[in-house]
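Undergrad: This is the structure alone, sequence omitted:
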């Protein structure tokens, strides 16, 4: 296996996602004294609602490191870049190129991570930007998916994938269909299906006698599946099979990634959720038969399921739908897998697999898995990489200086263009378009005033306008006007900000001058941030026995206030009534820098409050 190399791995999954070949290969290379930088998934499609947890996790991972890079273990580093989730928009590509390369180039310089091998699973424009702007020894593309079939938006990747295939020194693929596709554009394509960490699974098979708690009470036989519960699973097939075999327990170990309503209600179907990769072999060991129930589509015809070798490594019988890669595997390894041609046959083969299980059958399965171990795969990959590196040096000896110089000039041009273009684009977008107000819309809540027990006013201090007094006066006058119109009989002024005098006291004086009786005013003088304004105001409202309030603050502070109220004051009815004519946010004057900073401040405040658990 290759040693003492620097390797940048551009992954199509995150490090803490389901353990797959990405993590296996990176870990093995790092254990062999190569330094590996694992760049987490930057996307082949625009995200949807279901991706929100993953995006939140990305932010957490970014915060764990320096510039998004953290050390996972010896020789292995994880880069969790924050990028705009629009991989094919030109402006997003430009911004993402800057965001990623600016961190990457600094890290390479600091770590003396020179002349790396670039190993990519992603054929996106951003991957090409990384490849084009780094002096490297070798380019390896491991094509593990037919991205153009995985989703509609991912079809846009075809142009950059073609370029990557033509550029890469080596192309590894996981299926014959992908081999045929990649061979149209490259003469250096090699078939390497995903494999199994045989030693780890063998250790559990031979020595681990524990039965997972979740399986102990289930009726046997247990028909098991491990891996993501995704849209490629044939739920119609599962439902029919489970209904025909009510005495069997059908167990699924893995994260839910799609709607499972078609099978979720069946009494003999159990979804156990994600389990750590170290525990997966124990679950498989306690299955009686294992299944791969995929629909047959253009996408799945390219799939070589990793779980197949994991099942076989535990000696388990496997029943699968008729995936081309499994059929080809079966031809090589003498019918190691039961392949169903129809929905009815799938259930019948489960019964056949249970009946025919034997020591000899288990030994054949284990032997097949051993030949398909990651140790064997990675050694063969390493041999090809070493040979390609030697060939590249021989053929490019006289041209290498030119490539390196081009990369250096490209970096210089990019830096200059980034600075100039960034300033120009930012100025036009922020100051000459309504982008700022459009971006601020999610922050704004504006309810119509209605009868309430009390008017609560959060002081402005100088956090918004940059100078004391402006927002204080507006809010106090607006509250006094609502009081005179009979919307509430009491006012609470909440602010811990002090500029010569307390902000809440200043609002009280303004309200008195506007005709509000002093006995109708309550001051809260400790709340110096929105969170404290809510908490301390709630204490007052509770003690007074009030149940509904009109909240007055700036238009774009309302969303943050609402988040906090929803968590800490659910029993209080709140109407959010911002100052109607806020001079600070008067759009007729055009966009000003201080307005922009105030809105950015609100978004940062929401993120900070989420991080602190204030909502």
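TA: Yep, it's here. Fair warning: this is a prediction, and the values are worked out from it, not measured in the lab.

Undergrad: helix/strand/coil for residue 334?
TA: At residue 334 the chain is in coil, as set by DSSP: H, G, I helix; E, B strand; the rest coil.

Undergrad: Contacts only, for it.
TA: residue 364 (CB atoms under 8 Å, 6 or more residues apart in numbering). Glycine gets a C-beta too; all of them are placed from N, C-alpha and C.

Undergrad: That one and residue 385: what is the separation?
TA: 32 Å (CB to CB, to the nearest Å).

Undergrad: Please apply the same query to residue 323.
TA: 29 Å.

Undergrad: residue ranges of the helices in the stretch 201-350 of the chain, please?
TA: 235-244, 261-264, 280-285, 306-313, 324-332, 343-356 (DSSP state H, counting those that start in this stretch).

Undergrad: Can you convert these into JSON lines and add a column each for mean neighbour count, mean pLDDT and distance to residue 74?
TA: Shown next, in JSON lines, are those (neighbours: other CB atoms under 10 Å; pLDDT from 0 to 100; distance: least, CB to CB, whole Å):
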{"stretch": "helix 235-244", "mean neighbour count": "18", "mean pLDDT": "96", "distance to residue 74": "42"}
{"stretch": "helix 261-264", "mean neighbour count": "13", "mean pLDDT": "92", "distance to residue 74": "43"}
{"stretch": "helix 280-285", "mean neighbour count": "22", "mean pLDDT": "96", "distance to residue 74": "24"}
{"stretch": "helix 306-313", "mean neighbour count": "26", "mean pLDDT": "95", "distance to residue 74": "25"}
{"stretch": "helix 324-332", "mean neighbour count": "16", "mean pLDDT": "92", "distance to residue 74": "35"}
{"stretch": "helix 343-356", "mean neighbour count": "17", "mean pLDDT": "94", "distance to residue 74": "42"}
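
Undergrad: In JSON lines: the ones you listed, plus distance to residue 207.
TA: Compiled in JSON lines, those are given as follows (distance: least, CB to CB, whole Å):
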{"stretch": "helix 235-244", "distance to residue 207": "33"}
{"stretch": "helix 261-264", "distance to residue 207": "34"}
{"stretch": "helix 280-285", "distance to residue 207": "11"}
{"stretch": "helix 306-313", "distance to residue 207": "14"}
{"stretch": "helix 324-332", "distance to residue 207": "28"}
{"stretch": "helix 343-356", "distance to residue 207": "25"}
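
Undergrad: Nearest to residue 97, out of these?
TA: helix 306-313 (31.8 Å; CB to CB).

Undergrad: by contact count, what packs against the closest one?
TA: Secondary-structure packing of helix 306-313 (3 or more CB pairs under 8 Å, 6 or more residues apart in numbering; DSSP states H and E): helix 198-207, strand 222-226, helix 280-285, strand 289-292, strand 318-321, helix 359-371.

Undergrad: let's see 10 Å
TA: Packed against helix 306-313 by the contact rule (3 or more CB pairs under 10 Å, 6 or more residues apart in numbering; DSSP states H and E) you find helix 198-207, strand 222-226, helix 280-285, strand 289-292, strand 318-321, helix 324-332, strand 337-340, helix 359-371.

Undergrad: Break this structure down into its structural domains.
TA: Following automatic domain parsing, one gets these domains for the chain: 6-193+379-397, 198-372, 441-612.

Undergrad: In this structure residue 158 contacts residue 125, no?
TA: No: if you go by CB atoms under 10 Å, residue 158 and residue 125 don't touch, sitting 11.6 Å apart.

Undergrad: Compare these two (neighbour count), which wins?
TA: Applying other CB atoms under 10 Å to residue 158 and residue 125 shows that residue 125 carries more neighbours, namely 22 against 12.

Undergrad: What residues does that one make contact with?
TA: Neighbour list for residue 125: 42, 87-90, 92-93, 96-97, 156-157, 159-160, 163-164 [criterion: CB atoms under 10 Å, 6 or more residues apart in numbering].

Undergrad: among those, which ones are buried?
TA: Neighbour counting by 16 or more other CB atoms under 10 Å classes 42, 87, 88, 92, 93, 96, 97, 156, 157, 160, 163, 164 among these as buried.
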